[in-house]
Structure formats: C-alpha cells, structure tokens
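Engineer: take a look and give me a structure for this.
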Amino acid sequence: MSEVSGPPGSYKTIGVQLPNGLHSQATMVAKLDGISLRDACVRGLRTYVEQKQAEPDFKARVAAALADIEREAAEQREAIQSLFGSETQAAAPAAKKTTAAKKAAESSPPTS
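Structural biologist: Alright, predicted model coming up:
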C-alpha cells in the first residue's frame, strides 16, 4: 500500500536532489522492501519528524516559532490597518493569543 494517500490536494510534491550513490542505494533498498522510492522517502521523513518531536527542547522551540509567527502577523496587521488610518483596530487583534500558542506555551518546560 502506498504511503501517500488521500484526495488530490491533500499532499505536496517536492523535488529533492540526492547524491547519485544515495539515490542508487535508496532505490535498491525500496525495491527489496517492495515499495516505491517515493514511499521510502515518506517513511524516512515521518521518522525524522517523530525523532525531532521526541527531543526534549522541541516543544519550546515550536512555541518560540509560533510566537515569532504571531508577532510578525500582528506587525503586518497593524501596518495594513494603519493604511486605513485605524490605529485603534490594529491593537485589539494583536493582543489575542491563539489557542495553539497557549497550549504550546503551557506544555513547554520553563526556561532559566
């Protein structure tokens, strides 16, 4: 069974340059396992993501990245709203924290 399933649009296509030797080895290993090279790549990426998620500082790094995204979004929102001359409306949405940000912050270990 294919590792990639679902309706069109539920997945992304990427192009990756591999060293010739790695490509040859991966192709052979996938063939021996009876799967496509695409499926072998999907399995490898899933394993990589799972390993990263298991790292002790992962949740804190995710929370920091989310905070950066929210800060940048608030800055852009304020810039756009200022074009309309509405400084008051810009401050209200920027102060709200998303549920995802709150959960990530709550589950991350305290930093010293």
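
Engineer: so what's the residue of the chain most remote from its centre up against?
Structural biologist: Residue farthest from the centre of the chain, counting by C-alpha atoms, centre = their mean, is Gly85 at 34.7 Å. If a contact means C-beta atoms under 8 Å, 6 or more residues apart in numbering, then Gly85 has no contacts. Just so you know, the C-beta spots here come from the backbone N, C-alpha and C atoms, and that holds for glycine as well.

Engineer: from Ala64, how far off is it?
Structural biologist: Separation of Gly85 from Ala64 (C-beta to C-beta, to the nearest Å) stands at 34 Å.

Engineer: ok, Asp39 next?
Structural biologist: From Asp39 over to Ala64 the distance is 33 Å, taken as C-beta to C-beta.

Engineer: and Gln76, helix, strand or coil?
Structural biologist: Under DSSP: H, G, I helix; E, B strand; the rest coil, Gln76 falls in the helix class.

Engineer: what packs against the helix or strand harbouring Glu50?
Structural biologist: Taking DSSP states H and E as the definition, Glu50 sits inside helix 37-53. On a contact count with 3 or more C-beta pairs under 8 Å, 6 or more residues apart in numbering; DSSP states H and E, helix 37-53 meets helix 20-33.

Engineer: going by neighbour count, list what's buried in the helix it packs on.
Structural biologist: Within helix 20-33, the residues scored as buried using 16 or more other C-beta atoms under 10 Å are Ala30.

Engineer: that's all I had, so thanks and see you.
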